[in-house]
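Enquirer: need a 3D model of the sequence below.
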Amino acid sequence: MNTHPYLRAYLAGIFVPTLVLPVILIGFITVRLILHVPVPIERFLIFPMAVVPSLFGVWNMFFLGSHARTHLPIGLHGAILPFLGAPTGALVAHCLGMLRLGAGGVRWFEACEVPYWLVGVAFLAGVILYYLVWKYIVGGVNRVLGIG
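Expert: Model prediction:
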């Protein structure tokens, strides 16, 4: 009997972003419609809402396939993902005109400028968050599904 381990790995991977992204969407809608922030955040949300769950699922499938050779802990495996996703997201945002690199920082939507040091701190916080999410949540779901 085929137990479809890669399908289970994909489903375990999409578990977290599928639950978290709608909550983030509610927050962004609140900021945009109730607080009337004049930033076109809906353009910013389309790419992550479409790509992040699939990326998590494929990344978990990659973990399942490579773990026997690399023996990399799942938390560390998950912490690598921002190093791939952040530059890709920044490139797409730049190509779509939502992001511009300036002398002092990153300019979003021609509305707000974020200094580079803050971008670095946010990236580091993201890496730590990904490590924890992958170690405790995705790893836990993998164990429940019998693949971790």
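
Enquirer: hang on, Ala90 packs against Leu99?
Expert: Yes. Between Ala90 and Leu99 there is a contact under C-beta atoms under 8 Å: 6.1 Å. Where C-beta positions appear, they are placed from N, C-alpha and C, glycine not excepted.

Enquirer: more neighbours: which of the two?
Expert: Leu99 (19 against 15; other C-beta atoms under 10 Å).

Enquirer: list the buried ones in the longest helix anywhere in the chain?
Expert: Taking DSSP state H as the criterion, the chain has its longest helix at helix 41-70. With burial defined by 16 or more other C-beta atoms under 10 Å, the residues of helix 41-70 counted as buried are 41, 44-45, 48, 52-53, 55-57, 59-64, 67.

Enquirer: can you name the element that comes right after that helix?
Expert: Next helix or strand after helix 41-70 toward the C-terminus (DSSP states H and E): helix 74-95.

Enquirer: counting contacts, what elements does that next one pack onto?
Expert: Using 3 or more C-beta pairs under 8 Å, 6 or more residues apart in numbering; DSSP states H and E, the elements in contact with helix 74-95 are helix 41-70, strand 99-101, helix 116-132, helix 139-144.

Enquirer: residues in contact with the second one?
Expert: Under the contact criterion C-beta atoms under 8 Å, 6 or more residues apart in numbering, strand 99-101 has outside partners Ala90, Ala93, His94, Val106, Arg107, Trp108, Glu110.

Enquirer: contacts only, for the residue nearest to the spatial centre of the chain.
Expert: Note on the chain: the residue nearest the mean C-alpha position is Val52, at 5.2 Å, using C-alpha atoms, centre = their mean. Taking C-beta under 8 Å, 6+ apart, we find Val52 in contact with Pro17, Leu21, Gly85.

Enquirer: at 10 Å instead, please
Expert: Ile14, Val16, Pro17, Thr18, Val20, Leu21, Ile24, Leu81, Gly85, Gly89 (C-beta atoms under 10 Å, 6 or more residues apart in numbering).
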